[in-house]
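Asks: Build me a model:
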Amino acid sequence: MERHFVWVTTRRIKPGTLEEFERAWRPGFSPDGLRRALAYWSEDGQEITGVSFWDSQEACDAWRSSDAERERREVMAPYVVEETEGFYRGGELTLPAR
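Replies: This next block holds a predicted model:
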């Protein structure tokens with residue numbers, strides 16, 4: 001199994017602020033070590049889960065402690081009601097044939 005390093009963040013945002021939040025949420029550049037990033041929104045637009053894939057935990061930690069990430073979080077803060085996050089290791093599951 002190919003190993004993945006994944007940072008998952010789920011944020012609940014204030015009602016009616018999805019468009020503004022999305023503008024604030026997108027980084028201005030791709031951080032070193034970031035392989036891929038995905039985002040998923042709830043039907044009501046008040047919960048966003050971001051999933052990012054990294055070369056290593058060290059690469060993710062370097063981004064998370066960077067000034068650029070701190071500034072990005074400050075810009076998002078007015079829209080965020082609640083936030084949870086975690087770093088995980090794992091891989092894609094092989095599904096049985098149908």
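Asks: Please, where are all the strands along the protein?
Replies: Assigned by DSSP state E, the chain shows strands spanning 4-13, 34-41, 47-54, 80-90.
Asks: How much space separates residue 53 from residue 19?
Replies: Note on residue 53: its distance to residue 19, by Cβ to Cβ, to the nearest Å, is 26 Å. From N, CA and C alone the C-beta is placed, and that goes for glycine too.
Asks: just to revisit the earlier point, can the strands of the chain go into CSV with extra columns for mean neighbour count and distance to residue 98?
Replies: Putting those into CSV (neighbours: other Cβ atoms under 10 Å; distance: least, Cβ to Cβ, whole Å) gives the following:
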stretch, mean neighbour count, distance to residue 98
strand 4-13, 18, 25
strand 34-41, 13, 25
strand 47-54, 18, 26
strand 80-90, 12, 24
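Asks: okay, the ones you listed in CSV with distance to residue 71 next?
Replies: Below are the strands of the chain laid out as CSV (distance: least, Cβ to Cβ, whole Å):
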stretch, distance to residue 71
strand 4-13, 16
strand 34-41, 17
strand 47-54, 17
strand 80-90, 15
